[in-house]
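**Q** Here is a sequence with its predicted model. Questions after.
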Amino acid sequence: MKVNVKYFGQVAEAAGKTEEKLELEKGASLKEFKLKQIKQYQIPDPDSVQIAVNQDLVDDKELTEGDEIAFLPPFAGG
Amino acid sequence: MKVNVKYFGQVAEAAGKTEEKLELEKGASLKEFKLKQIKQYQIPDPDSVQIAVNQDLVDDKELTEGDEIAFLPPFAGG
Amino acid sequence: MNGAIPPEKIANSIANHQSKTSIGAHSIFLGQIRADEIEGKTVQAIGYSAYEEMAEKVFHEIREAAFSKFDMTCAHIYHSLGTVKTGEICLFVFTSSAHRKIAIEACNWLVEEIKAKVPVFGKEILEDETHQWKVNK
Amino acid sequence: MNGAIPPEKIANSIANHQSKTSIGAHSIFLGQIRADEIEGKTVQAIGYSAYEEMAEKVFHEIREAAFSKFDMTCAHIYHSLGTVKTGEICLFVFTSSAHRKIAIEACNWLVEEIKAKVPVFGKEILEDETHQWKVNK
């Protein structure tokens, strides 16, 4: 299944990109996918990275076709 | 001894004046003077009236020559 | 200051602080005249008067106390005297600090102190030209 | 909005509320860019980016929650995107209510929610063109 992955701030910097479309196995878990990307791009301070799936923050869930998965470093608004 | 008396807001309205110079007996007490003025001018809601002598709020004291005695209705700043 | 506080004055105060680059947060409180109804009549304006010499002394004391209580960069207070119409601004309190919590706490503290301690009197002028004296709650 | 929030925008927002005569108090919070020192180098600006679709959704949710929590007349939030230099304003939160305590509490609550929940990212640009990513405390 296809998912759309977005990277922000220092995560985008580490990944060298702000967005990519990836092909995942059906029923892939968010937690495992997160760990894989952190490793692949050597994302710094991984404990501080939150994930939003379709614009909602989630810890873990089964991913589905067409999901928008965003890697969010610590917020710095204000 | 001479004192300078000031009236503000609804006290000034009741007194019909904002200021007067009065001759008091030496050693007159503020409390008695306040009661006298309240009676004389029928100042409304007398419990809400605070007195400042020389710009400091005081409950009672012995008045002295040249004191500036201000009758202050409830504050309404802001 | 005499009459209502214009929004441009607030903009100017903010602009004047843009050169102070140790500031991270500003907190502003504005008091605006409400068109309250009193026994069926609507407030048109408040006429402010003050025991001016004492008010200035008290403003100064409150400001000094705020600086010793809070780690602020700046604090400014303006209160209207004279007539201020409904919808217009009568009080402008402006605090600045490196950090937001201090600016916010200091601003709130100043507002409460001003309401409680500054000898300012307000005459609520009603639509039929009668009036009533305002009391802070 | 793109770039710094100009003081005139704040003045205009205030002026726009002068026709709402049920308002008695406004509370305003402004975030300003500090020239912090980081390992001996001074911050020149912050470059803000955001997950914009999510940020708009979260701003909307926070605003709705604030209206159900506080008896406010109005609430407005503006956050800069792009480069904001030291001394310039990057956040403007503006609440209005009949009574001061509600306006003040609502403003503080909004500021904390924004800092905690809105996906905005800040790159502190240092004098030698290097940078460091900002983290809210």
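**A** It's in. Numbers count the residues shown, from 1 in each chain, chains lettered A, B, ... in the order given.

**Q** now for the helix or strand where A:Lys21 lies, which elements pack on it?
**A** Take DSSP states H and E as the rule and A:Lys21 turns out to sit in strand A:19-23. In terms of contacts (3 or more Cβ pairs under 8 Å, 6 or more residues apart in numbering or on different chains; DSSP states H and E), strand A:19-23 is packed against strand A:2-7. Any C-beta I mention is one placed from the backbone N, CA and C, and that applies to glycine too.

**Q** What is the three-state secondary structure of C:Thr21?
**A** Using DSSP: H, G, I helix; E, B strand; the rest coil, the structure places C:Thr21 in coil.

**Q** bridging residues for the nearest residue to C:Asp128 once chain neighbours are set aside?
**A** Excluding the flanking residues, the one nearest C:Asp128 by Cβ to Cβ, 6 or more residues apart in numbering or on different chains is C:Lys41, at 5.9 Å. Beta-bridge pairing for C:Lys41 (DSSP bridges): C:Ile38.

**Q** Check the offset of the lengthiest helix in chain A from the chain's centre.
**A** The residue-count maximum for a helix in chain A (DSSP state H) belongs to helix A:30-41. Distance of helix A:30-41 from the chain centroid (Cα atoms, centre = their mean, to the nearest Å) equals 8 Å.

**Q** can you tell me which residues contact residue 28?
**A** Picked chain A for this. A:Met1, A:Glu62, A:Leu63 (Cβ atoms under 8 Å, 6 or more residues apart in numbering or on different chains).

**Q** if you could check chain C rather than the one you did, that'd help
**A** C:Ile28 sits in contact with C:Ile10, C:Phe92, C:Val93, C:Phe94, C:Thr95, C:Cys107, D:His26, D:Ser27, D:Ile28, D:Phe29, D:Leu30, where contact means Cβ under 8 Å, 6+ apart.

**Q** looking at this, the fourth one is in a helix?
**A** Okay, so that is C:Phe94. No - read with three-state DSSP, C:Phe94 is strand and lies in no helix.

**Q** so the nearest residue to it once chain neighbours are set aside, which of the three states?
**A** Counting by Cβ to Cβ, 6+ apart, C:Phe94 lies nearest to C:His76, which is 4.4 Å off, once chain neighbours are set aside. Secondary structure, three-state DSSP: C:His76 is strand.

**Q** how close does C:His17 get to chain D?
**A** According to Cβ to the nearest Cβ, to the nearest Å, C:His17 stands 7 Å off from chain D.

**Q** hang on, that residue packs against C:Ser96?
**A** Yes - applying Cβ atoms under 8 Å, one finds C:His17 in contact with C:Ser96, separated by 5.8 Å.

**Q** Name the residue of chain A that lies nearest to chain B.
**A** Of all residues in chain A, A:Gly78 sits closest to chain B, at 27.2 Å by Cβ to the nearest Cβ.

**Q** Pull the contacting residues for that residue.
**A** Each residue near A:Gly78 by Cβ under 8 Å, 6+ apart is listed here: C:Arg100, D:Gly31, D:His79, D:Cys90, D:Leu91, D:Val111, D:Ile114, D:Lys115, D:Val120, D:Asn136.

**Q** ok, now with 7 Å
**A** D:Gly31, D:Leu91, D:Val111, D:Ile114, D:Lys115, D:Asn136 (Cβ atoms under 7 Å, 6 or more residues apart in numbering or on different chains).

**Q** Next: A:Tyr7.
**A** A:Tyr7 neighbours (Cβ under 7 Å, 6+ apart): A:Ala15, A:Lys17, A:Thr18, A:Phe71.

**Q** again, only this time at 6 Å
**A** A:Tyr7 sits next to A:Ala15, A:Thr18, A:Phe71 when contact means Cβ atoms under 6 Å, 6 or more residues apart in numbering or on different chains.

**Q** How about C:Glu127?
**A** C:Lys41, C:Thr42, C:Gln44.

**Q** circling back: got a PyMOL select line for the buried ones in the contacts of A:Tyr7?
**A** Here is the PyMOL command that selects the buried residues among those (16 or more other Cβ atoms under 10 Å in any protein chain shown):
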select buried, chain A and resi 15+71
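
**Q** Please identify the residues of chain C in proximity to chain D?
**A** C:7-8, C:10-11, C:14-15, C:18, C:21, C:23-32, C:34-35, C:86-87, C:104, C:108 (Cβ under 6 Å from any Cβ of the partner chain).

**Q** If we ignore the residues flanking it in sequence, what's nearest the spatially most central residue of chain C?
**A** By Cα atoms, centre = their mean, chain C has its centre lying nearest to C:Leu91, at 2.3 Å. Using Cβ to Cβ, 6+ apart and skipping the chain neighbours, the partner closest in space to C:Leu91 is C:Gly31 (3.4 Å).

**Q** Tell me the secondary structure at the one you found.
**A** strand.

**Q** Determine the number of other residues adjacent to it.
**A** 27 (other Cβ atoms under 10 Å in any protein chain shown).

**Q** coming back round to it: for chain C, state which of the contacts of A:Tyr7 is nearest.
**A** Of these, the one sitting nearest to chain C (Cβ to the nearest Cβ) turns out to be A:Phe71, at 27.6 Å.

**Q** so where does the most centrally placed residue in chain A fall, helix or strand?
**A** Closest to where the C-alpha atoms of chain A average out (Cα atoms, centre = their mean) is A:Phe71, at 3.7 Å. For A:Phe71, the host element (DSSP H and E) is strand A:68-72.

**Q** Are there residues contacting both of C:His17 and C:Ser96? Which ones?
**A** In contact with both C:His17 and C:Ser96: C:Ile23, using Cβ under 6 Å, 6+ apart.
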